[in-house]
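In: Give me a 3D structure for the following:
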Amino acid sequence: GVMSLYEDREGHLWVGTFGGGLARIERETGQLTRYPHGADSNSLSSPRASAIAEDLRGNLWIGTIGGGLNLLDRRTGQFYHYRRNDRDPSSLSDDIIYAVHVDADGTVWVGTAGGGLDRVIGGSDEPAKVRFESDARLANMPSKVVYGIESDRQGGLWLSTDNGLVRLDPSSRSSHLLRE
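Out: Got it, this is the predicted structure:
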């Protein structure tokens, strides 16, 4: 099944699937390009691509179920894999990713299944230096499960979680839970 869809700035449609990894459809020709999954740098880290977002440099950040976060350098075609490492507090907080979002400032945000919200430190211009800041240092988050992320005009982030809707103010590092 299809888990995620994303239209990039060139008009290509990216499709994340539950077992077939990542594919790109060129709108003009309908040509389908599949990206393999595996452990090497030419592959997506998992066959389950759950979230896709494009950063300001035109590179793609792809969340997976069980394979962590991937960065696809569109110029070289190389994938960079980011995984949770219990011995490294600046690593990804969980390898199950539900959401990836790029805000107006170009910051990449990652919603996980058990680690809450992560902010990407660094960017696709220097993939080897990418680190993560978990929500434990961002705000007093009421949930460790983040299903979706959207920005508002004031620079805040709206998070859909298993505990309700949360508005996070990244500048003040405060969060507010909204419930019915």
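
In: Can you tell me which helix or strand of the chain has the lowest average pLDDT?
Out: helix 135-138 (a mean of 65; mean pLDDT, DSSP states H and E).

In: Assign the residue nearest in space to the middle of the chain to helix, strand or coil.
Out: To find the centre residue of the chain, average its C-alpha atoms and take the closest one (CA atoms, centre = their mean): that gives Val100, at 2.7 Å. In the three-state summary, Val100 is assigned as strand, counting by DSSP: H, G, I helix; E, B strand; the rest coil.

In: doesn't Leu60 make contact with it?
Out: No. Here Val100 does not reach Leu60: they are 9.1 Å apart, not a contact under CB atoms under 8 Å. To be clear about C-beta, it is placed using only N, CA and C from the backbone, and glycine gets the same treatment.

In: what sits in contact with each of the two?
Out: Ile52, Ala53 (CB atoms under 8 Å, 6 or more residues apart in numbering).

In: how far does stretch 133-149 stretch from start to finish?
Out: 16 Å (CA to CA, to the nearest Å).

In: Now it: buried residues?
Out: In terms of neighbour count (16 or more other CB atoms under 10 Å), stretch 133-149 has its buried residues at Ser134, Asp135, Leu138, Ala139, Met141, Pro142, Ser143, Lys144, Val145, Val146, Ile149.
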